[in-house]
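*Asks:* I'd like to go over a predicted model; first the sequence, then the structure.
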Protein chains: 2
Amino acid sequence: MSEHHLLPLVDAPTPERRDAARNREALLRAAQELVERCSADAVTMDAVAAAAGVGKGTVFRRFHSREGLMAALLDHSETEWQAAVMSGPPPLGPGAEPWERLMAFGRSRLETTLLHADLIRQAGRAGTRSFAAYSFAAMHVRYLLAQLGVTGDLPLLATALMAPLEAPVLDQQVRIEGLDVDRIHAGWVDLARRIVGRRT
Amino acid sequence: MSEHHLLPLVDAPTPERRDAARNREALLRAAQELVERCSADAVTMDAVAAAAGVGKGTVFRRFHSREGLMAALLDHSETEWQAAVMSGPPPLGPGAEPWERLMAFGRSRLETTLLHADLIRQAGRAGTRSFAAYSFAAMHVRYLLAQLGVTGDLPLLATALMAPLEAPVLDQQVRIEGLDVDRIHAGWVDLARRIVGRRT
DNA sequence: AGACCAAACGGACTGCGGTCCGCTTAGTAT
DNA sequence: ATACTAAGCGGACCGCAGTCCGTTTGGTCT
């Protein structure tokens, strides 16, 4: 028994070998660059594998599927966003009144969702399902609603509040119906008022 | 000029040749059967072409893409639903109070969306975009909201009301979070109350 | 250092969505 | 009936997602 674990705290799920980690980063970097220099469609598994200088099988080993890869790309910015909510400056971060935070949440979600619309679409189910993203946002909204003294089935009210900010809905409104972002945001604020029960 | 148009009213977009119509039906029937006897995944373009006894190219000529084929399958039940709303029995159809109709709308949408969840998912964008479906429902909700004396940006309020009934959201709630349908419906009724501004 | 093995790797291979283009046929004009 | 043409047809062909399996390599134990 000569295990040199300095932190044998939680049972390690499997530490990941060093070459594996290197390849993961190389792949993510390659994919990111492909998205920026071309488009999300250009991110083919062969292309990203070649760009990262690894075999195709490796890409699938790391990310399971193309959708998984897209989700991984999203995960990065999603994590930043979570940090901004948990410990960033107000009004998005802590320190502002719940209502102000809720408004900031709406605006922020609206913008980032539209910004990453392509990636989200291509991530398909993985984007929604890796609900490290989704469930964090939902939790935050539930928390704010509770702070605002809203009564009722909070999980469902939170869903109702977030649903119009989901990518497919926004996509439809912006790309097809041609609504502009400010109007959509105003509509969302109105919705929030009605749900929370504010006069103003 | 010996055109024998009995109804030259609106300029015919292109009447569709008889063999084409026959093949369209054969393809739809074959696809439908594949869905029922196997699953939506089993609906391969090659498979449906073979089952209908036509070439693969024909399938794409008719339906543009796999998503288009799925959308066409959906379109059928969607049309029935529209008929039920426009001229079916109350409370879904005309004849009931607006609030009752709205409640019936919610329940009905919830059920049919879940029923066709697979097809909708596989139809991808085509399902949303062929908004013969979507825009009809949106119009109906706007109409009911107006009847109920709701003031505000009705198109956006309608969207807010329908968004939680969209397939991806419901899918997440039912399949992943494990919520049961009655609770979701109750939550939607609550949402409608808040948006409409009803006491009860 | 050497041995051992589980994890990782790579690329050939499969199946499906989608395109292309030369052939066939339904409908029409004469 | 015959000729004409545009719409329709079919299936070979292509690119990409995803799988499989023989080979390599990082980590560890002695």
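*Replies:* Structure's in. What do you need? The structure presented is a predicted model; accordingly, all values stated were derived computationally and were not measured. Numbers count the residues shown, from 1 in each chain, chains lettered A, B, ... in the order given.

*Asks:* can I assume A:Ser108 sits in a strand?
*Replies:* No: counting by DSSP: H, G, I helix; E, B strand; the rest coil, A:Ser108 is located in no strand; its state is helix.

*Asks:* find the nearest non-adjacent residue to it, please.
*Replies:* A:Leu92 (5.7 Å; C-beta to C-beta, 6 or more residues apart in numbering or on different chains). C-betas here are computed from N, CA, C, even on glycine.

*Asks:* contacting residues for that neighbour?
*Replies:* A:84-85, A:101, A:104-105, A:108 (C-beta atoms under 8 Å, 6 or more residues apart in numbering or on different chains).

*Asks:* and chain A, what are its domains?
*Replies:* Domain assignment of chain A by automatic domain parsing yields the ranges A:16-63, A:66-196.

*Asks:* lowest-pLDDT helix or strand in chain A?
*Replies:* Sorting the helices and strands of chain A by mean pLDDT, DSSP states H and E puts helix A:117-129 at the bottom, at a mean of 87.

*Asks:* so where's chain A uncertain?
*Replies:* A:1-13, A:129-131 (pLDDT under 70).

*Asks:* return the set of buried residues in the following helix or strand past the least confident helix or strand of chain A.
*Replies:* Moving toward the C-terminus from helix A:117-129, the next helix or strand (DSSP states H and E) is helix A:132-147. Buried residues in helix A:132-147, counted by 16 or more other C-beta atoms under 10 Å in any protein chain shown: A:133-134, A:136-138, A:140-142, A:144-145.

*Asks:* can you check stretch A:191-200 too?
*Replies:* Neighbour counts over stretch A:191-200 (16+ other C-beta under 10 Å) mark A:191-192, A:194-196 as buried.

*Asks:* excluding chain neighbours, what is closest to A:Leu74?
*Replies:* A:Leu119 (5.4 Å).

*Asks:* residues contacting the residue positioned nearest the centre of chain A?
*Replies:* Among the residues of chain A, the one closest to the centroid is A:Glu78, at 4.0 Å (C-alpha atoms, centre = their mean). Contact partners of A:Glu78, counting by C-beta under 8 Å, 6+ apart, are A:132-133.

*Asks:* how close does it sit to DNA strand D?
*Replies:* From A:Glu78 across to DNA strand D, the span is 20 Å (C-beta to the nearest atom of the strand, to the nearest Å).

*Asks:* ok, longest helix in chain A?
*Replies:* Longest helix of chain A, by residue count under DSSP state H: helix A:66-87.

*Asks:* chain B contacts on chain A?
*Replies:* With C-beta under 8 Å from any C-beta of the partner chain as the criterion, chain A comes near chain B at residues A:128-129, A:131, A:134, A:152-153, A:155-157, A:159-160, A:163-164, A:166, A:168-169, A:172-173, A:176-177, A:179, A:183-184, A:186-188, A:190-191, A:194-195, A:197.

*Asks:* filter these down to the buried ones, ChimeraX style.
*Replies:* Per 16+ other C-beta under 10 Å, the buried members of these correspond to this ChimeraX selection:
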select /A:128,129,134,152,153,155,156,157,159,160,163,164,166,168,169,172,173,179,184,187,188,190,191,194,195
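
*Asks:* looking at the residues of chain A next to chain B, which are in helices?
*Replies:* By the criterion of DSSP H, membership of those in helices covers A:128-129, A:134, A:155-157, A:159-160, A:168-169, A:183-184, A:186-188, A:190-191, A:194-195.

*Asks:* relative to A:Ala20, how far out is A:Ala104?
*Replies:* Distance from A:Ala104 to A:Ala20, counting by C-beta to C-beta, to the nearest Å: 39 Å.

*Asks:* quick one, what contacts A:Gly152?
*Replies:* With contacts defined as C-beta under 8 Å, 6+ apart, A:Gly152 is in contact with B:Asp190.

*Asks:* list the residues that contact A:Leu170.
*Replies:* Counting by C-beta under 8 Å, 6+ apart, A:Leu170 touches A:110, A:113-114, A:117, A:164, A:184.

*Asks:* which of those residues sits closest to chain B?
*Replies:* Set against chain B, the nearest of the contacts of A:Leu170 by C-beta to the nearest C-beta is A:Pro164 (4.4 Å).

*Asks:* quick check: the residue nearest to the closest one when sequence neighbours are not counted vs A:Ala71, distance?
*Replies:* The shortest distance from A:Pro164 to any non-neighbouring residue, by C-beta to C-beta, 6+ apart, is to B:Ala163 (4.4 Å). From B:Ala163 across to A:Ala71, the span is 22 Å (C-beta to C-beta).

*Asks:* rewinding a little: the residue nearest to A:Ser108 in helix, strand or coil?
*Replies:* Classified using three-state DSSP, A:Leu92 is coil.

*Asks:* so how far is DNA strand D from it?
*Replies:* 34 Å.

*Asks:* look up phi and psi at that residue.
*Replies:* Dihedral pair for A:Leu92: phi -70, psi -50, per degrees, to the nearest 10.

*Asks:* ok, now A:Thr151?
*Replies:* Taking degrees, to the nearest 10 as the convention, A:Thr151 sits at phi -110, psi 150.

*Asks:* over to A:Gly53?
*Replies:* phi 70, psi 30.

*Asks:* which residue packs closest to it, ignoring adjacent ones?
*Replies:* Computed as C-beta to C-beta, 6+ apart, the closest residue to A:Gly53 that is not its neighbour in sequence is A:Ala26, at 6.9 Å.

*Asks:* how far away is the one you found from B:Leu156?
*Replies:* Taken as C-beta to C-beta, the span from A:Ala26 to B:Leu156 is 44 Å.

*Asks:* also A:Gly124?
*Replies:* 26 Å.

*Asks:* which residues touch the helix or strand containing A:Glu33?
*Replies:* Element membership for A:Glu33 (DSSP H and E) is helix A:18-37. For helix A:18-37, the surrounding residues in contact (C-beta under 8 Å, 6+ apart) are A:16, A:42-43, A:47-49, A:51-54, A:58-59, A:62-63, A:69, A:72-73, A:76, A:119.

*Asks:* spit out the contact partners of A:Leu165.
*Replies:* By C-beta under 8 Å, 6+ apart, A:Leu165 lies in contact with A:106, A:109-110, A:113, A:188.
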